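1. my questions are about this predicted structure, shown below with the sequence.
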Amino acid sequence: MNVFVQPGEKGLARALKRFKKMCERDGLFADIRKHRHYEKPSERRRWKMNAARRRDLRARRGKTRGGEPGRPRRFDVSTYGALTLS
């Protein structure tokens, strides 16, 4: 990864900022954070299982909101005789 200081650029700070942005786009910082400590295979599996569980819970929670299957938000007058809000 090469970053050149362009003529007319104000100091080294701008080139450093461009370099950091390039590293962020390439995923270098995330990779460094990920490999900061050794992670045992069992820990990696446990992390992946928990992430899948959270995704599943969020998906299920999203399906029951807003009139989807689950508890109805409002009752129909014809079904219950009087309009009541839940």
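-> Arrived safely, thanks for sending. Keep in mind that what you see is a predicted model, and the values were worked out from it rather than measured.
2. pLDDT value on the closest residue to V3 other than its chain neighbours, please?
-> Of all residues beyond its chain neighbours, the one nearest V3 is F19 (4.4 Å), with distances taken as Cβ to Cβ, 6 or more residues apart in numbering. C-beta here means a position set from N, CA and C on the backbone, and glycine is covered the same way. In this prediction, F19 carries a pLDDT score of 89.
3. and F19, how far is that from R55?
-> Distance from F19 to R55, counting by Cβ to Cβ, to the nearest Å: 34 Å.
4. those two: which is more packed in?
-> Neighbours per residue (other Cβ atoms under 10 Å) separate F19 from R55, with F19 holding more: 14 against 10.
5. can you name the secondary structure element that comes next after the strand or helix carrying that one?
-> Secondary structure here is read from DSSP states H and E; on that basis F19 sits in helix 11-26. Sequence order places helix 28-34 as the next helix or strand after helix 11-26, per DSSP H and E.
6. so how far is whatever helix or strand comes next after that following helix off the chain centroid?
-> Tracing the chain C-terminally past helix 28-34 and defining elements by DSSP H and E, one meets helix 41-63 next. Average the C-alpha atoms of helix 41-63, do the same for its chain, and the two points are 13 Å apart (Cα atoms, centre = their mean, to the nearest Å).
7. check which helices and strands helix 41-63 sits against.
-> Packing partners of helix 41-63 (3 or more Cβ pairs under 8 Å, 6 or more residues apart in numbering; DSSP states H and E): none among the helices and strands.
8. please parse the protein into its domains.
-> 1-36, 39-86 (automatic domain parsing).
9. check those for me: which has the lowest mean pLDDT.
-> Within those, confidence is poorest for domain 39-86, with a mean of 74 (mean pLDDT).
10. the most centrally placed residue in the chain: what's it in contact with?
-> Among the residues of the chain, R55 comes closest to the average C-alpha position under Cα atoms, centre = their mean, at 10.2 Å. If a contact means Cβ atoms under 8 Å, 6 or more residues apart in numbering, then R55 has no contacts.
11. ok, R44 to A51 distance?
-> Between R44 and A51 the distance, using Cβ to Cβ, works out to 11 Å.
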